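> Turn this into a structure:
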Amino acid sequence: MKVVTEQEIREETVSAVAQQMMIAARTAPKAKGVDNLVIALLNRDDIARVSAKMKEMARRDNLSDVFLRDAVNILSAQAMVAFGTRIVPLGVHPCGMCGFADCEEKKKHPDHPCVFNTGDLGIAIGSAASVAMDNRVDNRVMFTVGQALLEMGVLGDGVKIIYAMPLSVSGKNPFMDRNQEALVKKA
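Numbers count the residues shown, from 1 in each chain. Presented below is the predicted three-dimensional model:
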């Protein structure tokens, strides 16, 4: 009799859930039906490279210990999903929620986010997180990882905002109740 343990299927299962999360993010509602999202799956080797980049950024730019903590923390992930958005004003009138009078004025500031792009990104991340939850895969949305992915250009030049969600199956969610001091010492 061949017994398959949970440990033997963990990586494959987390990867399958990550793929479902990517689909949930893609099919989440978008303002005016316009899709500016870029979504990618990172494996353990990719995660190790992102962790190294985060450590480099923390030391180079004297960033908070949160970057170092998260750099160590993501190494517990079996997979990670990155969610990004391009910044493209949608021509909604009247609006001005970005702080500019209208989309024409906003276009003069291409790196300034359009609220609809960031709103769509948030809805997509929420949809993906619900898939992880439904499958009991531990996760956490991290902006720190997104900053490293931006600097690395992982999702392409047009993507201006990125968040990442590391995924783990273990006895305890490694992304919650973290001992920051201990993790920073590991960095």
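> Point out where this protein drops to low pLDDT.
The model of the chain has pLDDT under 70 over residues 177-187.
> Show me where it has its strands.
Secondary structure of the chain by DSSP state E: the strands cover 37-42, 79-86, 138-139, 159-168.
> Leaving out chain neighbours, which residue sits closest to the residue nearest to the spatial centre of the chain?
Central residue of the chain (Cα atoms, centre = their mean): residue 164, 1.5 Å from the mean position. Spatial nearest neighbour of residue 164, chain neighbours left out: residue 145 (3.7 Å); criterion: Cβ to Cβ, 6 or more residues apart in numbering. In this view, the C-beta of every residue, glycine as well, is placed from N, C-alpha and C.
> Could I get the contacting residues of the one you found?
Neighbour list for residue 145: 50, 54, 70, 74, 80, 82, 162-164, 166 [criterion: Cβ atoms under 8 Å, 6 or more residues apart in numbering].
> Let's see that with 10 Å instead.
42, 47, 50-51, 53-54, 67, 70-71, 73-74, 77, 80, 82, 162-166 (Cβ atoms under 10 Å, 6 or more residues apart in numbering).
> how many other residues sit next to residue 3?
Neighbour count for residue 3, taken as other Cβ atoms under 10 Å: 5.
> Got phi/psi on it?
phi -100, psi 130 (degrees, to the nearest 10).
> from now on call the first residue 500
Yes, from this point I'll number from 500; that puts the last item at residue 502.
> How much space separates it from residue 670?
Residue 502 is 20 Å from residue 670, where distance means Cβ to Cβ, to the nearest Å.
> Over to residue 534?
38 Å.
> Which one's more surrounded, these two?
When residue 534 and residue 670 are compared for neighbours, residue 534 comes out ahead with 15 against 6, by other Cβ under 10 Å.
> isn't that one right next to residue 623, touching?
Yes. Using Cβ atoms under 10 Å, residue 534 is in contact with residue 623, at 9.3 Å.
> Need the overlap of contacts for those two.
Common neighbours of residue 534 and residue 623 (Cβ under 10 Å, 6+ apart) are 525-527, 584.
> ranking those residues by neighbours, who comes first?
residue 584 (27 neighbours).
> residues in contact with that one?
Here residue 584 is in contact with 534-538, 612-613, 615-621, 623, 654, 657-662 (Cβ under 10 Å, 6+ apart).
> Narrow those to just the buried residues.
For those, a neighbour count by 16 or more other Cβ atoms under 10 Å gives the buried set as 535-538, 612-613, 615-616, 618-620, 623, 654, 658-662.
> OK, contacts around the closest residue to residue 639 other than its chain neighbours?
Closest residue to residue 639 apart from its sequence neighbours, by Cβ to Cβ, 6+ apart: residue 674 at 3.5 Å. Shown in contact with residue 674 (Cβ under 10 Å, 6+ apart): 569, 572-573, 575-576, 637-641, 664-667.
> what's the answer for residue 610, then?
586, 659-660.
> Show the backbone phi and psi for it.
phi -90, psi -10.
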